[in-house]
Structure formats: C-alpha cells, structure tokens
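Enquirer: just need the structure, nothing else, for what follows:
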Amino acid sequence: ELVLGQDEALKVISTIKVDLVLNAIVGINGLRPTMAAIDNNIDIALSNKESLVLAGDIVMKHAQKHEVNILPVDSEHSAIWQCLRGESNIDINKLILTASGGPFRTLDKQDFCNITLSDALKHPNWSMGSKITIDSATMMNKGFEMIEAYYLFNIHYHNIEILVHPQSIIHSMVEFHDKSIKAQLGYPSMKVPINYALNYPKHSYLESESLDFLKVSQLTFEKPDLNKFKCIELAYKALEMGGGAPAVLNISNDILVNLFLEKKINFTDIPKYIEYSLEAYSCSSSICLEDIYGLMDWVEDFLNNKIEV
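Expert: Numbers count the residues shown, from 1 in each chain. As a prediction, the model looks like this:
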C-alpha cells in the first residue's frame, strides 16, 4: 500500500504496531510524525533534526514519559552515540561536531553575494537532498546539529564545539575530563548511521568500503569562520534566548531556503532574514506544541512583510 501526504502518514504512524519508525522527512513537517510515533509508543530512528530544533525539550520529555527511545541517524550524532556507549555523561568534557565546511569554505566573504543556486547545490563530500545541501552551504545544518546534540545528549551548548574537517572522515568526537578523545571514523556514507540505528545495538554487516588509512593522505581541522557563516552563531543565539527562539530559527530558515531554491532571494539573504526574525521575536520562557505551530504562521507573516519577492 502506497500512502501519500502528511495526514495519511500520520494515520499510519498513529495506528501501526511496529518496533521502529524511521523519520527522514525534510524540514519542519517532520515534527508531527515524531510526536505521533511517540504517542503510539514506537521507538524512533530520527533523521529529521528539525523535530528537536523546533521542540527539543517537548519531544525529549514526551519520549521519556512514553519510554520511547530516540535513535539518532544523522552521521554526527550517530558518531557521538557510538562513542558514548558504555560511558557516563558526568565524564564528558565536550562534544566535537565535525563539519565539511560545505562548498564555500575557502570562498572570500566578498564573493558570497555572487553565489548562485547551482553553486550552492554542489557539496564537496555528501550527496543529499537540495534543502539539506543548502543548509550545509550556509552551515545552518551544523547549527541545527548543535541544537540537536544539546537535546539528545543533555550536554550544555557551551560544551558543544563545531570543528571544520574538510575530509569528512571523522564524523564527530567526544572529549572526556581526562582529555582522552573518542572518535568515529569512516568514508562519508549515510549507510553506516542508518544501518546502526536500524540494527542497534549491533554493528550488523554492511556492504560498504572499508576505510584505508594508507589512502587517507591527511586529516585537517580548522575553526568555522563565523563572519562568513553567520548561521552557526544564530543557532547558539537561539538556544541562549530560549523559549520558541530555536523554532523561529528553524521555521525562518525553512521558508528562506525554499525562497532561495525558487531563486526569489539571494544566498546572503538567508542568514540576514533569519537574524531579523530572531530580533523581532518576543521570547517566552515556556512554550507548548500549539505555540510552535502558531509560530509557523507568525514567522511566515513576518517574512512576507519584510521581504520584497
């Protein structure tokens, strides 16, 4: 049976009896299916990071109440998850999220105004959908992943570091208080984190290329340039603001990326109008799901009035 559309998908998730649901829906539309799976007491292999960016506190508390496990599928969070097996959170000094840096890592900031859609869709290491590829180009994807890690692993965002690693061989790391570091490595492939989430706790056999260290000439690292990639800074700012600010960050990014994909705004407009949205938002210390759904309309109205398309 082929099921199309969110309403039909929600009916299936709400009634089906299975061991695990893989949520790989792109963007803010993934939140309702996540909540429906939790309500139906089904463990979730979560590839939709927006569920936690929009409503991380609500989702994690709801999952705990229903004794539902959230199994990360993003390669970075899967790497951390694997590194933390058998470890205690009290021993963690920091989490290190690695980033490829995207297609514009070495591009001068003054040239960002000339970035085209075609340029932004050319990721150097990963083959992904267009929306996620643009998020990688702005590095908002990494900002989202920082927020996701904050909720998944219950680690303060001050202790989550983003490190640019252009080769994408080390998928993320954990540093402990004794300064020892554990890392998960492999060639860039989403097969590994998907396979691990589906077969957890087993590292089941996978037809995939082994990492040949003799062929890896070098592993390099650098700090992300926050002057060029403002979205990372905005993600930390949204968490610091609290309330519905991370949801505003997420919703405005979704809208703006779609406008860029439709060639209605420029690449540099994405972080600019996200920042405007955050500045206009009146922070609330406590929010519920209905508040978040209401923010979707508020952000859309705000951006429609702010942007001349």
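Enquirer: show me where the stretch 151-300 of the chain has its strands.
Expert: 160-164, 170-176, 181-185 (DSSP state E, counting those that start in this stretch).
Enquirer: tell me which of the ones you listed sits most buried.
Expert: Ranked by average neighbour count under the criterion mean count of other C-beta atoms under 10 Å, the strands of the stretch 151-300 of the chain are headed by strand 170-176 at a mean of 22. All C-beta atoms are positioned from the backbone trio N, CA, C, and that covers glycine.
Enquirer: one step back: can you add mean pLDDT and distance to residue 44 and give the strands of the stretch 151-300 of the chain back as a markdown table?
Expert: Below are these laid out as a markdown table (pLDDT from 0 to 100; distance: least, C-beta to C-beta, whole Å):
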| stretch | mean pLDDT | distance to residue 44 |
| --- | --- | --- |
| strand 160-164 | 98 | 22 |
| strand 170-176 | 98 | 20 |
| strand 181-185 | 98 | 21 |
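Enquirer: of those, which approaches residue 294 most closely?
Expert: Nearest to residue 294 among the strands of the stretch 151-300 of the chain is strand 160-164 (28.7 Å), distances taken as C-beta to C-beta.
Enquirer: just the C-alphas of the closest one, formatted as PDB.
Expert: Extracted C-alpha coordinates of strand 160-164, given in PDB (Å, rounded to 0.1, in the frame of the first residue of the first chain):
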ATOM      1  CA  ILE A 160      29.500  21.600  22.200                       C
ATOM      2  CA  GLU A 161      32.200  22.600  19.700                       C
ATOM      3  CA  ILE A 162      32.000  22.800  16.000                       C
ATOM      4  CA  LEU A 163      35.100  22.000  14.100                       C
ATOM      5  CA  VAL A 164      35.600  22.100  10.300                       C
END
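Enquirer: if we can go back for a sec, relative to residue 117, which of the strands of the stretch 151-300 of the chain is closest?
Expert: Here strand 160-164 is closest among the strands of the stretch 151-300 of the chain (C-beta to C-beta), at 23.2 Å.
Enquirer: where does the protein have low pLDDT?
Expert: Across the chain, the ranges flagged by pLDDT under 70 are 125-128, 309.
Enquirer: most remote residue from it's center?
Expert: residue 214 (31.6 Å; C-alpha atoms, centre = their mean).
Enquirer: in contact with that one, which residues?
Expert: The contact partners of residue 214, by C-beta atoms under 8 Å, 6 or more residues apart in numbering, come to none.
Enquirer: let me see the ranges of the helices in the protein.
Expert: All helices of the chain, identified by DSSP state H, fall at 6-15, 31-39, 50-65, 75-83, 117-120, 130-138, 140-152, 191-199, 230-241, 245-261, 269-280, 289-306.
Enquirer: I'd like those helices as JSON lines, with mean neighbour count appended.
Expert: Output for the helices of the chain, formatted as JSON lines (neighbours: other C-beta atoms under 10 Å):
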{"stretch": "helix 6-15", "mean neighbour count": "14"}
{"stretch": "helix 31-39", "mean neighbour count": "22"}
{"stretch": "helix 50-65", "mean neighbour count": "21"}
{"stretch": "helix 75-83", "mean neighbour count": "24"}
{"stretch": "helix 117-120", "mean neighbour count": "14"}
{"stretch": "helix 130-138", "mean neighbour count": "23"}
{"stretch": "helix 140-152", "mean neighbour count": "25"}
{"stretch": "helix 191-199", "mean neighbour count": "19"}
{"stretch": "helix 230-241", "mean neighbour count": "20"}
{"stretch": "helix 245-261", "mean neighbour count": "24"}
{"stretch": "helix 269-280", "mean neighbour count": "19"}
{"stretch": "helix 289-306", "mean neighbour count": "16"}
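Enquirer: how about these in CSV, adding distance to residue 210?
Expert: Formatted as CSV, the helices of the chain follow (distance: least, C-beta to C-beta, whole Å):
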stretch, distance to residue 210
helix 6-15, 36
helix 31-39, 34
helix 50-65, 32
helix 75-83, 17
helix 117-120, 32
helix 130-138, 26
helix 140-152, 26
helix 191-199, 11
helix 230-241, 32
helix 245-261, 35
helix 269-280, 38
helix 289-306, 43
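Enquirer: and those helices: which comes nearest residue 158?
Expert: Nearest to residue 158, of the helices of the chain and by C-beta to C-beta, is helix 230-241 at 9.0 Å.
Enquirer: next, the angle from the closest one to helix 140-152.
Expert: Per axes from the mean of the first three to the mean of the last three C-alpha atoms, to 10 degrees, the angle that helix 230-241 makes with helix 140-152 is 30 degrees.
Enquirer: give me the helices and strands touching helix 230-241, please.
Expert: helix 140-152, helix 245-261, helix 269-280 (3 or more C-beta pairs under 8 Å, 6 or more residues apart in numbering; DSSP states H and E).
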